[in-house]
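Novice: Kindly generate the corresponding structure for this input.
(2 chains)
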Amino acid sequence: MFMILGYPAPLMFGQLLLGLINGAFYALLSLGLAVIFGMLNIVNFAHGAFFMLGAFVAWGLLEFLGVNYWFALLLAPVIVGIFGILLEKTLISRLYKLDHLYGLLLTFGMALIIEGLARNQFGSSGMPYRIPAILQGATNVGFMFLPNYRAWVVVASAIMCLVTWLIIEKTSIGATLRAATENAPLVQAFGINVPRMITLTYAGGVALAAFAGVLAAPIYSVNPNMGANFIITVFAVVVIGGMGSILGSIVTGFGLGIVEGLTKVFYPQGSATVIFVVMVIVLLVRPAGLFGKAA
Amino acid sequence: MPDDAMLKVRGLNSWYGESHILHGVDFDVRAGEVVTLLGRNGAGKTTTMKSIMGLVPKRQGSVMFNGAETVEMRSDTIARAGIALCPEERGIFSSLSVTENLMLPPVIAPGGLDLDTIYKLFPNLKERAGSQGTKLSGGEQQMLAIARILRTGAKLLLLDEPTEGLAPVIVQQIGRTIREIKQRGFTVLLVEQNFRFAATVADRHYVMEHGRVIDMIENDQLAANMDKLHDYLGV
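Specialist: Predicted coordinates for the structure are as follows:
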């Protein structure tokens, strides 16, 4: 068995992969948060709940309607996105003229209610979701056995991040979105229906969380707390990357997943806190985050 | 005043929070005219523009555009009706390239200028197509701000102090542009501090003071009314 820096290579690569997988979820979740924060100026604390809902919708689609994983991967984000539209129209849109704090409180309350209802209905132990047949098993890639599903999660997440980034940075819809983030009244005065754009942006961010939730369903058990477990770390990722930065959330998401994974090899006791230590250091050195623009 | 006015403003009142800025503004703009709003700082010229565009929090009175009342409309609906604003602060987006800035306002009607014509009017914009919008010089940013509303097919253009702070050669270029777009049938409402510039492009001038229109001077009567105008503008 060959060693890297005195550690067995399979251990190293195993943790690196685990880090990449967590990083994939960090990236997808913080990307959605960044998109929502940029456009709505709201810190969406309900993001973890939408992630959880994505997993539950996928589970429900399979359990009750026999809809398989691949269709769930398309349908769940749409269904949860529509739910997001309802919440934005009825609740969140009332807060745009108020301080940030109200949006934070509202979405935090929404998360508690959604997660509480799920716990009430399904208990907190969680339900299994089978890995789709084609992605079961593992591939020997020479230096380690790579579980196929986990490799898929990393690839699917990276593709989704890339597509989102391309839409925002390279298309005219993205240009309109960026412009509205800078000066929404002027964009509206050019004849663009900004309120509708805000609603759809929220739906898009929420759909990204649900997509991540479906990807997560076969890895973690589908349970009401799965979002809450992730979301605290994801907020640290968002702060490190720079609030509202698209590229920052993607790079920081994957990067910190890897940092976390490697910490599990070198200093396992620190793996649960390393991201927060990084957050403290970044806040001290660059308060606007690694990719953020100073206000 | 003629009844065939394209824009007919009557008794327009506007507020920013508690402060009452416009106190019953009345004026008309006929199709194809270039009309200026003159007045000292704080007379309410910019607020009048923003009120027409639906960009003030509270407004009352009447703004008829092509026979339709717009005073209750949202700004995007007003824009779709055919009014476009080039704001005083220019409103160039820093996260967008020059081309993205130019292409941002959607085309709302046929009859706008095509890109070739725009690049002929403003060659700099073509050369700097890929630059970040706010990396342009002040004059280039002003050209970009005007150019982007010429594309949309809006027939009434609101230009808020397009010459402010610009070098004489660029002011001349903007003057040429305004005469050119007038020839093409656009209607322009222009806010100006510089009435000498205004006189080179406009058909009529309205003078504003304390949130009201207090006088109207035809451009060919301007010389005869110079004393009055100096008095109004304090120059």
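Novice: contacts and neighbour counts: CA atoms only from here.
Specialist: Will do.
Novice: tell me which parts of chain B are close to chain A?
Specialist: Within chain B, the residues that sit near chain A (C-alpha under 8 Å from any C-alpha of the partner chain) are B:53-55, B:75-80, B:84-85, B:91, B:93, B:95-96, B:100, B:104-106, B:108.
Novice: residue ranges with poor pLDDT in the stretch 1-150 of chain A?
Specialist: Within the stretch 1-150 of chain A, the segments meeting pLDDT under 70 span A:1-2.
Novice: Report the closest residue of chain B relative to chain A.
Specialist: B:D76 (3.8 Å; C-alpha to the nearest C-alpha).
Novice: Now that residue. Nearest residue, chain neighbours left out?
Specialist: Nearest residue to B:D76, sequence neighbours excluded (C-alpha to C-alpha, 6 or more residues apart in numbering or on different chains): A:G191, at 3.8 Å.
Novice: List the contacts of the one you found.
Specialist: Taking C-alpha atoms under 8 Å, 6 or more residues apart in numbering or on different chains, we find A:G191 in contact with B:S75, B:D76, B:T77, B:I78, B:A79, B:R80, B:P105, B:P106, B:I108.
Novice: Just the element for the residue of chain A found nearest chain B, please.
Specialist: Proximity of chain A to chain B (C-alpha to the nearest C-alpha) peaks at A:G191, 3.8 Å away. Secondary structure from DSSP states H and E places A:G191 outside every helix and strand.
Novice: Return the distance of it relative to B:L104.
Specialist: 10 Å (C-alpha to C-alpha, to the nearest Å).
Novice: Could you do A:V35 as well?
Specialist: Computed as C-alpha to C-alpha, the A:V35 to B:L104 distance reads 19 Å.
Novice: Compare neighbour counts for the two and give me the winner.
Specialist: Set A:V35 next to B:L104 and count neighbours by other C-alpha atoms under 10 Å in any protein chain shown: A:V35 wins out with 26 against 23.
Novice: Check the spacing between the more buried one and B:F93 real quick.
Specialist: 18 Å.
Novice: Kindly report the same for A:N44.
Specialist: 26 Å.
Novice: Same check on A:L33?
Specialist: From A:L33 over to B:F93 (counting by C-alpha to C-alpha), the distance is 22 Å.
Novice: cool, A:H47 as well?
Specialist: From A:H47 to B:F93 the distance is 29 Å (C-alpha to C-alpha).
Novice: These two: who's more crowded?
Specialist: Neighbour count, other C-alpha under 10 Å: between A:H47 and B:F93, A:H47 has more, with 30 against 22.
Novice: Nearest spatial neighbour of A:L62, chain-adjacent residues omitted?
Specialist: Per C-alpha to C-alpha, 6+ apart, closest to A:L62 is A:N68, 5.7 Å.
Novice: There's contact between that neighbour and A:V57 in this structure, I believe.
Specialist: No: using C-alpha atoms under 8 Å, A:N68 is not in contact with A:V57; the gap is 11.5 Å.
Novice: Which of the helices or strands spans A:I250?
Specialist: Assigned by DSSP H and E, A:I250 falls in helix A:246-266.
Novice: After the helix or strand harbouring B:I217, which helix or strand is next? Please name it.
Specialist: Using DSSP H and E, B:I217 sits in strand B:212-218. Downstream of strand B:212-218, the first helix or strand assigned by DSSP H and E is helix B:226-233.
Novice: From the contact counts, what lies against that following helix?
Specialist: When contacts are defined as 3 or more C-alpha pairs under 8 Å, 6 or more residues apart in numbering or on different chains; DSSP states H and E, helix B:226-233 packs onto strand B:34-39.
Novice: Paired strands for the strand it packs on, with orientation please.
Specialist: Strand B:34-39 has its sheet partners listed here by DSSP bridges as strand B:187-191 (parallel), strand B:204-209 (parallel).
Novice: and the stretch 151-295 of chain A, which of its residues are near chain B?
Specialist: A:172, A:175-176, A:178-179, A:182-183, A:185-193.
Novice: quick one: contacts of the helix holding A:I250?
Specialist: Outside helix A:246-266, the residues touching it (C-alpha under 8 Å, 6+ apart) are A:7, A:11-12, A:15-28, A:30-31, A:34-35, A:161, A:165, A:234, A:237-238, A:240-242, A:270-272, A:274-275, A:290-292.
Novice: and that helix, how far from the chain's centre?
Specialist: 13 Å (C-alpha atoms, centre = their mean, to the nearest Å).
Novice: which residues in chain B form helices?
Specialist: B:45-53, B:75-81, B:98-103, B:115-121, B:123-127, B:138-150, B:168-183, B:195-201, B:226-233 (DSSP state H).
Novice: For these, could you give me TSV that also reports mean pLDDT?
Specialist: Listed next are the helices of chain B as TSV, based on pLDDT from 0 to 100:
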stretch	mean pLDDT
helix B:45-53	95
helix B:75-81	95
helix B:98-103	93
helix B:115-121	89
helix B:123-127	88
helix B:138-150	92
helix B:168-183	91
helix B:195-201	89
helix B:226-233	85
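Novice: Any chance of those in JSON lines with mean neighbour count as columns?
Specialist: What follows is the helices of chain B, written out as JSON lines (neighbours: other C-alpha atoms under 10 Å in any protein chain shown):
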{"stretch": "helix B:45-53", "mean neighbour count": "24"}
{"stretch": "helix B:75-81", "mean neighbour count": "23"}
{"stretch": "helix B:98-103", "mean neighbour count": "23"}
{"stretch": "helix B:115-121", "mean neighbour count": "15"}
{"stretch": "helix B:123-127", "mean neighbour count": "15"}
{"stretch": "helix B:138-150", "mean neighbour count": "24"}
{"stretch": "helix B:168-183", "mean neighbour count": "16"}
{"stretch": "helix B:195-201", "mean neighbour count": "18"}
{"stretch": "helix B:226-233", "mean neighbour count": "14"}
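Novice: Which stretch among those helices approaches B:D160 most closely?
Specialist: helix B:45-53 (6.6 Å; C-alpha to C-alpha).
Novice: which strands and helices sit next to that closest one?
Specialist: strand B:19-29, strand B:34-39, helix B:75-81, strand B:83-86, strand B:156-160.
Novice: and these as CSV, adding distance to A:G137?
Specialist: As requested, those are exported to CSV (distance: least, C-alpha to C-alpha, whole Å):
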stretch, distance to A:G137
strand B:19-29, 70
strand B:34-39, 74
helix B:75-81, 54
strand B:83-86, 60
strand B:156-160, 65
